[in-house]
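> Sequence below, structure please.
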Amino acid sequence: MFTMQRLILLFFFPVLFSFILVKAQPTQQKLSIEQIMHGKDFVGFWPHDVSWFDNSKTIYFKWNPEKAFTDSLYKITISDKTPVKLTLKEKKQISDDYDINETRTFKVYTYHGDLYLKNLKTGLTKQITHTLNYEEYPSFTHDGEKIAYFKNSNLFSWNINTGETRQLTNFISGCSETEEPNTVEKQSWLEKDQLKNFEVLNKKNEKAKLQKKNSSTNKLNYPKNIYIEDWEIYDLQLSPDENFVFYQLCHDPENVEYTKVTNYVTKKGYTETITARPKVGSPE
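Predicted structure coming up:
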């Protein structure tokens, strides 16, 4: 009798388990090409780019439940899980380009190309710059007293206590006059002869040299000119002791042949030729 019950149980449970699995499987539904081409408008919009606020009590993310043209920033808190759109003031405090000092009391960040300093204890924010130029890549110096940042391909620093702004580098495109090839040969014999025979011109030339010398003497604390020809500056950083600057020089390869592609959908109604990526193996 015991053997028969055991056999019934061994037979019953696999059959019951199979039945549950079949019932648990979702009903398959065919998708049309039209539905697939709708993308997120068909499957829905999910939150993304999730991150914490500075207070560690609020989470913000991008979402588009209204199916608007672009995603919007939303937030939820630990106590309230209802998504709410961020205000303009809250949006100004969100940036991927930021740095926090070692004591975690201040945060510097960029918003629309300007620098902001936020006190993480009080929550108060102070705008440091308000210019047409883009300030970016801010970072605290090792002593925490200054903020170094990148502007117009050069490095600057701003003193938190005094408010002094100082330019630390002066990279200049092109070559200096002394670095140009055959500079001596370019100076014509006529120019030398003019300076030799005309006392007025010679005095003006000597006066200009003296003014240039005095101007250089008065600017001893200014950064030295660094000519980079046709190169571009990347990864510009200040050393911890603030005595050195590290940077990389890069430029696009020459004689690169790009693929030409015809663009049929244009605002003008006419086909246009656009440039695609170069072939594999081309110079980079």
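> So which residues of the stretch 151-284 of the chain form strands?
Here the stretch 151-284 of the chain has its strands, by DSSP state E, counting those that start in this stretch, at 154-159, 165-167, 170-172, 225-227, 232-238, 245-250, 258-263, 272-278.
> low-scoring stretches of the protein, by residue?
For the chain, applying pLDDT under 70 flags the ranges 1-28, 177-201, 213-220, 278-284.
> Spatially nearest residue to Tyr60, not counting backbone neighbours?
Lys75 (4.5 Å; CB to CB, 6 or more residues apart in numbering). No exception for glycine: its C-beta is placed from N, CA and C like everyone else's.
> from memory Trp52 sits against Thr58, does it?
Yes - taking contacts as CB atoms under 8 Å, Trp52 lies within contact range of Thr58: 7.2 Å.
> between the two, which one's more packed in?
The residue with more neighbours, out of Trp52 and Thr58, is Thr58; 18 against 10, by other CB atoms under 10 Å.
> Tell me if I'm right that that one and Ser79 touch.
No - the pair formed by Thr58 and Ser79 falls short of the contact definition of CB under 8 Å, at 9.9 Å.
> Let me see the ranges of the helices in the stretch 101-250 of the chain.
According to DSSP state H, counting those that start in this stretch, the stretch 101-250 of the chain carries its helices in the segments 183-186, 189-197, 199-218.
> got the contact list for Ser79?
Going by CB atoms under 8 Å, 6 or more residues apart in numbering, Ser79 touches no other residue.
> The same query, at a cut-off of 10 Å, please.
By CB atoms under 10 Å, 6 or more residues apart in numbering, the contact list for Ser79 reads 57-58.
> helix, strand or coil for it?
coil (DSSP: H, G, I helix; E, B strand; the rest coil).
> returning to that earlier point: looking at the strands of the stretch 151-284 of the chain, which is nearest to Lys118?
With CB to CB, the closest approach to Lys118 among the strands of the stretch 151-284 of the chain belongs to strand 154-159: 14.5 Å.
> Would you mind getting the angle between the closest one and strand 232-238?
30 degrees (axes from the mean of the first three to the mean of the last three CA atoms, to 10 degrees).
> buried stuff in strand 154-159?
For strand 154-159, the neighbour count (16 or more other CB atoms under 10 Å) marks 154-158 as buried.
> Redo these as CSV? Include distance to Thr169.
CSV is the format used below for those (distance: CB to CB, whole Å):
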residue, distance to Thr169
Asn154, 5
Leu155, 5
Phe156, 8
Ser157, 10
Trp158, 15
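> residues contacting the residue nearest to Tyr234 when sequence neighbours are not counted?
Closest residue in space to Tyr234, ignoring its immediate chain neighbours: Gln248 at 4.4 Å, by CB to CB, 6+ apart. The contact partners of Gln248, by CB under 10 Å, 6+ apart, come to 231-237.
> how much space between Gln248 and Lys224?
Distance, Gln248 to Lys224, using CB to CB, to the nearest Å: 19 Å.
> again with Leu115
Taken as CB to CB, the span from Leu115 to Lys224 is 25 Å.
> With Phe156 instead?
Applying CB to CB to Phe156 and Lys224 gives a distance of 15 Å.
> cool, Lys40 as well?
With CB to CB as the criterion, Lys40 and Lys224 are 53 Å apart.
> what about these two, which has more around it?
More crowded of Lys40 and Lys224, by other CB under 10 Å: Lys40, with 10 against 6.
> Apart from its neighbours in sequence, what residue is nearest the more buried one?
Lys40's closest residue in space is Asn64 (CB to CB, 6+ apart), at 7.8 Å.
> Pull the number of nearby residues for the nearest residue to Ile100 once chain neighbours are set aside.
Using CB to CB, 6+ apart and skipping residues adjacent in sequence, the residue nearest Ile100 is Lys107, 4.9 Å away. As a burial measure, Lys107 scores 20 neighbours (other CB under 10 Å).
> Cool, thanks, talk later.
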